[in-house]
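S.K.: need a structure here:
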Amino acid sequence: MMNMDSNSFEDLERDKRRYEEALNVLGNRSTTVFTLVLLPERLPIEETQSAITGLSKLGIPIQALVVNQGILPEVVEGNRFLAARAKLQSRYMEEIETRFGDLFRSRLPLLDRDVSDLSTLRKVAGMLYGE
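M.R.: Numbers count the residues shown, from 1 in each chain. I've put the predicted structure just below:
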């Protein structure tokens, strides 16, 4: 505080206004949809719950979840590891349905490559929003 001058206080006030404006935008359900992405696993479920609680305290409502990297039954094809992971994911999906049942939820399958190019991004968009 010793090195602060009148410009420092003006800067703090400006930053405070920008922070409050950002919270107002993020908290406005009519103009902002805040969506969290999680995996059907223990730690991401807990992190999602924590994020929802923390953002709620700031007045930022979470409106939707995207559950990513679900293992589809048709890709298991006798692979014991994938079968075990799919079974575990199924239990976590039940927990997600129970804990976050009031939120809109979308599911994306585990893809065979990263979403790092435009064509794959369009494929994911089609899965989420329709072709």
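
S.K.: how about the helices of the protein, start to end?
M.R.: Per DSSP state H, the chain carries helices over the ranges 6-27, 42-57, 73-76, 80-99, 118-129.

S.K.: Mean neighbour count added to those, as JSON lines?
M.R.: Yep, even glycine has a C-beta here, placed from its N, CA and C like the rest. Shown next, in JSON lines, are those (neighbours: other C-beta atoms under 10 Å):
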{"stretch": "helix 6-27", "mean neighbour count": "11"}
{"stretch": "helix 42-57", "mean neighbour count": "14"}
{"stretch": "helix 73-76", "mean neighbour count": "11"}
{"stretch": "helix 80-99", "mean neighbour count": "14"}
{"stretch": "helix 118-129", "mean neighbour count": "12"}
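
S.K.: With respect to Val67, which of these lies nearest?
M.R.: helix 80-99 (6.1 Å; C-beta to C-beta).

S.K.: relative to helix 42-57, how tilted is the closest one?
M.R.: 30 degrees (axes from the mean of the first three to the mean of the last three C-alpha atoms, to 10 degrees).

S.K.: tell me what helix 80-99 is packed against?
M.R.: For helix 80-99, the packing partners by 3 or more C-beta pairs under 8 Å, 6 or more residues apart in numbering; DSSP states H and E come out as helix 42-57, strand 64-70, helix 73-76.
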